[in-house]
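A.B. asks: Take a look and give me a structure for this.
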Amino acid sequence: MLTHHDFEHLVRAYSAELFRFAYWQCRDRGLAEDLVQETFARAWKAREQLHGLEAVKPWLYRILRNEHARLYERRGLPMEDCEFSELPIADGSDLERDYAIREQVAMLSPQYREPLLMQVLGGLSCAEIGENLGIGEAAVMQRLSRARLALRRLWLGEPASARKEK
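C.D. replies: Residues are numbered from 1 along each chain as shown. This is a model prediction of the structure:
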């Protein structure tokens, strides 16, 4: 079981990474911070379920995904626009391109967006993503491939098949 000291180390090690993932999911800074905080609160309560530190990263992502889903089960939250330059994840070098990419990623359906963000932002392997999503590794690879193809099509101004359903 994790000690208090070990858990503090995990919070420091994964907070920024989980925040980036949460922000890309909900697109609201305050909400992303709340999701990360709730993720760590739930992780602390369930720390005896963790079997080995090698599984901590996918475990935290799974908790965060569940918290995000739980949030939308409870209530529908409005999306609010904010100044892109104020976001800590923008480097400021090409704000128009960054905004366009962010919008295109948001156009993907969650079944394609989530694995892509888990891989790109979280650095999770296909096996870890599959474990989080409850699907096989081959299905993860297929979703990643379709997500990238859809993004490529969107970037070129073509219709994308992996877009959100309206």
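A.B. asks: With only the CA atoms kept, save the helix or strand bottoming out on mean pLDDT in the chain in CSV.
C.D. replies: Least confident helix or strand, the chain: helix 95-107 with a mean of 78, by mean pLDDT, DSSP states H and E. Output of helix 95-107 as CSV, limited to C-alpha atoms (Å, rounded to 0.1, in the frame of the first residue of the first chain):
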residue,chain,number,x,y,z
LEU,A,95,-1.6,30.6,-31.7
GLU,A,96,-3.7,30.2,-34.8
ARG,A,97,-2.3,26.8,-35.7
ASP,A,98,-2.5,25.7,-32.0
TYR,A,99,-6.2,26.8,-31.9
ALA,A,100,-7.0,25.1,-35.2
ILE,A,101,-5.4,21.8,-33.9
ARG,A,102,-7.3,22.1,-30.6
GLU,A,103,-10.6,22.6,-32.5
GLN,A,104,-9.9,19.7,-34.8
VAL,A,105,-9.1,17.4,-31.9
ALA,A,106,-12.4,18.5,-30.3
MET,A,107,-14.2,17.5,-33.4
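A.B. asks: what's in contact with the helix or strand just after it?
C.D. replies: Downstream of helix 95-107, the first helix or strand assigned by DSSP states H and E is helix 110-120. Here helix 110-120 makes contact (CB atoms under 8 Å, 6 or more residues apart in numbering) with 21, 24-25, 61, 65, 105-106, 108, 124, 126, 128-129, 132-133, 140, 143-144, 146-148, 150-151, 162, 164. Placement of C-beta: from N, CA and C, glycine included.
A.B. asks: Sounds good, over and out.
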